[in-house]
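**Student:** generate a structure from the sequence data that follows.
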Amino acid sequence: MNNNRDLIVLQHVRRRSRMRRALSIFCFVIIHELIRRFSERRVWMHHYIARRNLLGCHNNLFMELRNENPEKYRRCLRMSPEMFSWLAEKIRPLVQRQDTHLRRSIPVEERLSITLRHLATGETQESLSYQFRVGQSTISGIIKTVCHALYLTLKDTYLKFPSSEEEWSAIATEFGTRWNFYNCIGAMDGKHILIEPPIQSGSMYYNYKEHFRKVLLAIVDAGLRFIYVDVGTNGRVRDKGVWNKCSLKECLDQNTLKVPPPCPLPGTDKEFPFVIVGDEGFMLCSCVLIPYPKAQLRGRRDRAIFNYRLSRARRCSENAFCLIVNRFQILRSAMRYDPDDARTVTLCILALHNLRRTDALGRTLYSPPEMLDRED
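**Tutor:** Numbers count the residues shown, from 1 in each chain. As a prediction, the model looks like this:
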């Protein structure tokens with residue numbers, strides 16, 4: 001009896017010993033595999049990226065177009081080689097990175113090429129990373145940095161809000177000369193900017209058109225340049241709601257913008273205030289003029305003529321939006337940025353648009369007549 005008990009105990013001890021040995025071997029294999037994986041050296045730079053200077057898009061295709069076919073270069077980057085060089089020098093202090101003993105930084109010109117190509121075509125960052133032979137995470141940082149630098153560099157000159165009676169009067173004079181609509185200081189309209197829904201944002205940016213959007217409210221002068229922009233309101237809000245809550249309306253109501261006092265229209269002695277023109281989506285008030293509703297046009301030729309004249313002036317905002325969407329096709333699809341970065345990208349596009357519209361030599365190439373709506 002005792003011998004059987006001793007045999008059972010011995011077998012149990014041996015079984016536990018084998019289990020401990022197997023468990024030890026298993027743990028050793030796992031630990032060895034983990035050490036092997038973590039001790040492997042990661043590739044410092046992929047071989048195809050290392051050949052960027054030799055085979056990358058910027059140093060090959062763009063340089064060939066710059067030297068041999070400036071027109072194609074302009075179509076690729078939406079500006080002439082001379083303007084590109086000027087812009088690169090402007091943003092250099094904000095974008096230039098320091099070389100290290102391990103590798104050289106990406107030049108400012110190449111960073112600008114990547115950004116302009118992204119804005120012009122709306123290509124994904126992954127696609128650009130293969131074209132320019134730059135890592136995708138690096139591409140993402142470059143685009144955000146360059147857009148911010150472009151906006152900071154251009155906003156004070158090319159996205160400047162009028163600040164004196166003389167500047168407002170100049171805008172009104174241009175509207176009267178070009179579009180035969182006097183005492184007009186801007187054409188107002190709104191545009192929805194498609195965005196990817198931010199994390200945990202719910203339905204904040206979801207609008208009635210079943211997309212996630214931000215609203216761009218803008219006022220445009222007679223030369224199709226943006227003089228005021230409000231970017232960031234979520235897409236659930238209509239144009240009228242964006243206007244009612246924006247800072248410009250409050251300043252106009254309080255008369256703090258140095259808008260000239262009312263003056264007579266040509267051929268009359270009665271004084272009329274300076275106004276902003278908009279469509280039926282806005283509310284009529286002392287500083288905003290909208291067309292007569294269709295129901296009030298029956299038998300009133302004078303009102304029909306007024307609506308026609310107003311539509312000529314209001315067409316400026318529609319043409320400006322048409323231009324930025326055609327020239328910067330990133331606006332045609334949802335931006336894969338968070339709302340703050342999408343706002344920066346949008347402001348950068350508007351500043352670049354105003355720069356091109358101000359450039360007398362390249363204005364026609366940037367916005368040919370056949371691209372714009374014209375009067376009959």
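
**Student:** mean confidence score for stretch 109-116?
**Tutor:** Mean pLDDT, computed over stretch 109-116, is 95.

**Student:** whoops, I mixed them up, stretch 122-137
**Tutor:** Averaging pLDDT residue by residue across stretch 122-137 gives 90.

**Student:** apart from its neighbours in sequence, what residue is nearest Glu165?
**Tutor:** If the residues on either side of it in the chain are set aside, Glu165 comes closest to Pro260, at 4.8 Å by Cβ to Cβ, 6 or more residues apart in numbering. (Each C-beta comes from the backbone N, C-alpha and C, glycine too.)

**Student:** neighbours of the one you found, how many?
**Tutor:** When neighbours are counted by other Cβ atoms under 10 Å, Pro260 registers 15.

**Student:** do the same with Ser24
**Tutor:** When neighbours are defined as other Cβ under 10 Å, Ser24 has 10 of them.

**Student:** how about Phe175?
**Tutor:** When counting by other Cβ under 10 Å, one arrives at 25 neighbours for Phe175.

**Student:** and if you look at Ser85?
**Tutor:** If you count neighbours by other Cβ under 10 Å, Ser85 ends up with 14.

**Student:** same deal with Arg15?
**Tutor:** 10.

**Student:** check which helix or strand covers the residue nearest to Glu165.
**Tutor:** Per DSSP states H and E: Pro260 is located in neither a helix nor a strand.

**Student:** which stretches in the stretch 101-250 of the chain count as helices?
**Tutor:** Assigned helices in the stretch 101-250 of the chain, in chain order: 108-121, 125-132, 136-158, 165-179, 239-245, 247-254 (criterion: DSSP state H, counting those that start in this stretch).

**Student:** from the ones you listed, which stretch is densest packed?
**Tutor:** Each of the helices of the stretch 101-250 of the chain was assessed for mean neighbour count using mean count of other Cβ atoms under 10 Å. The highest is helix 108-121, with a mean of 23.

**Student:** distance of Glu68 relative to Leu61?
**Tutor:** Summarising the geometry, the distance separating Glu68 from Leu61, computed by Cβ to Cβ, to the nearest Å, is 11 Å.

**Student:** go on, Lys214?
**Tutor:** With distances taken as Cβ to Cβ, Lys214 is found 34 Å from Leu61.

**Student:** likewise Gln254?
**Tutor:** The gap separating Gln254 from Leu61 is 54 Å, by Cβ to Cβ.

**Student:** what pLDDT does Asn2 get?
**Tutor:** 54.

**Student:** scratch that, Asp99 is what I was asking about
**Tutor:** pLDDT, Asp99: 80.

**Student:** what does Phe181 give?
**Tutor:** According to the model, Phe181 scores 92 on pLDDT.

**Student:** excluding its backbone neighbours, what's nearest it?
**Tutor:** Distances taken as Cβ to Cβ, 6+ apart place Ala313 nearest to Phe181, at 3.9 Å, with adjacent residues excluded.

**Student:** after whichever helix or strand the one you found is part of comes which helix or strand?
**Tutor:** In the assignment (DSSP H and E), Ala313 maps to helix 301-327. Where DSSP H and E defines the elements, the next helix or strand beyond helix 301-327 is helix 339-358.
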